[in-house]
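> Quick one, fold the following:
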Amino acid sequence: MIMATLRVNVDTFRHLMQEKQWSERDLSLHMGLAYSYVNRVLAGKRQPGSKFVAGALLLGLTMEQAFFVDREPGQADP
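Residues are numbered from 1 along each chain as shown. Just a heads-up that it's a prediction; the model follows:
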């Protein structure tokens, strides 16, 4: 079984925020999420859930732009 973790590409979100001149609060509003949740995900204190993924897609980001998939060490490509 392949085990993987979805990780946020924080640089993409920071770049978008800078481009749009948004604060983290603005970003959370545009994603339809609580500020505290967005803040914790971007700080690496919480894993992104399905609502965060949906919010990223609402911003027009693709999965490839917004996230990385980390595999457990030693796992080969399928």
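> Name the residues that touch the lengthiest helix in the chain?
Ranked by number of residues, the top helix in the chain under DSSP state H is helix 10-20. Helix 10-20 is contacted from outside by Trp22, Ser23, Glu24, Asp26, Leu27, Leu42, Gly44, Ala56, Leu59, Leu61, Gln65, Ala66, using Cβ atoms under 8 Å, 6 or more residues apart in numbering. In short, each C-beta sits where N, CA and C put it, glycine included.
> Mean confidence (pLDDT) on it, please.
Across helix 10-20, pLDDT averages out at 98.
> buried ones in that helix?
Thr12, Phe13, Leu16, Met17 (16 or more other Cβ atoms under 10 Å).
> what's the following helix or strand after it?
Toward the C-terminal end, the helix or strand that comes next after helix 10-20 (DSSP states H and E) is helix 24-31.
> residues of that following helix that come out buried?
Neighbour counts over helix 24-31 (16+ other Cβ under 10 Å) mark Glu24, Leu27, Ser28, His30, Met31 as buried.
> Rank the contacts of helix 10-20 by pLDDT and give me only the lowest.
Sorting these by pLDDT puts Gly44 at the bottom of the list (94).
> tell me the contacts of it?
Applying Cβ under 8 Å, 6+ apart, we find Gly44 in contact with Val8, Val10.
> so is it in a helix, a strand, or just coil?
Applying DSSP: H, G, I helix; E, B strand; the rest coil to Gly44 yields a three-state assignment of coil.
> what's the spacing between it and Arg7?
8 Å (Cβ to Cβ, to the nearest Å).
> do the same with Ser23
Distance from Ser23 to Arg7, counting by Cβ to Cβ: 23 Å.
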